[in-house]
Each structure stands twice: as C-alpha cells, then as structure tokens.
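Student: sequence first, then the predicted structure, then my questions.
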Amino acid sequence: MSDQPANATRGEHELKLGKTSYVLRPSYAAISAAETKTGHSLMALLRLADASNLSLGHLGIVVAELIRAGAAKGDDLTAGVNADRIAELIFEEGMPHVMARVTICLLDAASGGRTAAGEMKPVAEMATS
C-alpha cells in the first residue's frame with residue numbers, strides 16, 4: 001500500500017485493487033520468484049497473460065511478487081503481501097483489468113532495457129553531426 005505513486009522512470013506500474021493502489025516493479029527478483037512459484041518461464045507467463053489464460057492463482061502469485069518488489073523501504077505490510085489474498089482482490093476487481101496491467105509489466109521485463117532492480121536503463125543519446 002504505497003503512499004508514493006508508481007514511477008515510470010524506474011520501470012514501475014500502478015495497480016489499484018479495491019481502495020488501495022499498489023506499485024508493481026518488474027525486478028529480476030520478482031520475476032524469478034514468480035517463475036519458481038508458478039512453474040512457468042517469463043515468456044510463458046507473458047504469453048498466458050497476453051492471451052488472458054493466466055489462472056487466478058498464478059495471477060495472484062505474479063502480482064504479489066511485483067507488489068513486493070515495488071514496496072517502499074520500511075513498508076513491511078506491502079513487502080509481505082499474501083498471494084492468495086491478492087488473488088481474492090483480483091477476483092473482486094475483475095481479471096481483465098489486472099491481466100492487462102500485468103501483461104504490460106511482464107512485457108517490460110521480457111523486452112530488456114532494465115537493471116536487475118527493475119529500473120529502466122538510460123538510453124544513449126544519438127550524436128548529431
């Protein structure tokens with residue numbers, strides 16, 4: 001439950017579940033944990049999400065990991081979110097809205113251009129002649 005809005009420059013996305021806005025951060029640790037807990041690779045998760053075929057349980061796991069990665073320092077409540085409770089909130093919010101946001105997050109992670117912490121890498125400036 002972040003008091004700070006998502007920072008797109010840092011590669012973060014915002015997801016509202018109920019009355020709470022969460023920051024989703026596609027960090028290496030979050031993606032790796034989601035892969036391990038779901039048994040699917042990043043690319044498989046991306047394909048499933050894009051086709052709206054990600055199960056509610058797996059969607060809860062992925063979102064919970066992205067939320068944990070986006071938790072502010074000292075925000076133990078957000079850092080300790082429960083994947084089952086997040087899945088319940090997703091069910092209540094509606095899966096299509098959440099699936100669209102998660103698809104964008106997973107695409108960001110899969111497309112590169114991020115540090116392991118999930119921050120966007122600086123883009124090199126083109127030299128003009």
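Tutor: Ah, there it is.
Student: which residues in the protein form strands?
Tutor: Taking DSSP state E as the test, the strands found in the chain are 13-17, 20-24.
Student: nearest to L66, out of those?
Tutor: Between L66 and the strands of the chain, the tightest spacing by C-beta to C-beta is seen for strand 20-24, at 3.9 Å. For every residue, glycine as well, the C-beta is placed using N, CA and C.
Student: so in that sheet, which strands flank that closest one, and in what orientation?
Tutor: Taking DSSP bridges as the criterion, strand 20-24 forms sheet pairs with strand 13-17 (antiparallel).
Student: got a markdown table for the strands of the chain, with mean pLDDT too?
Tutor: Converted to a markdown table, the strands of the chain look like this (pLDDT from 0 to 100):
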| stretch | mean pLDDT |
| --- | --- |
| strand 13-17 | 91 |
| strand 20-24 | 92 |
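Student: which one of those strands is the most hemmed in?
Tutor: The highest mean neighbour count among the strands of the chain, using mean count of other C-beta atoms under 10 Å, belongs to strand 20-24: a mean of 20.
Student: so what's the residue count around the residue lying closest to D50 once chain neighbours are set aside?
Tutor: Nearest residue to D50, sequence neighbours excluded (C-beta to C-beta, 6 or more residues apart in numbering): T103, at 5.1 Å. For T103, the tally of surrounding residues (other C-beta atoms under 10 Å) stands at 19.
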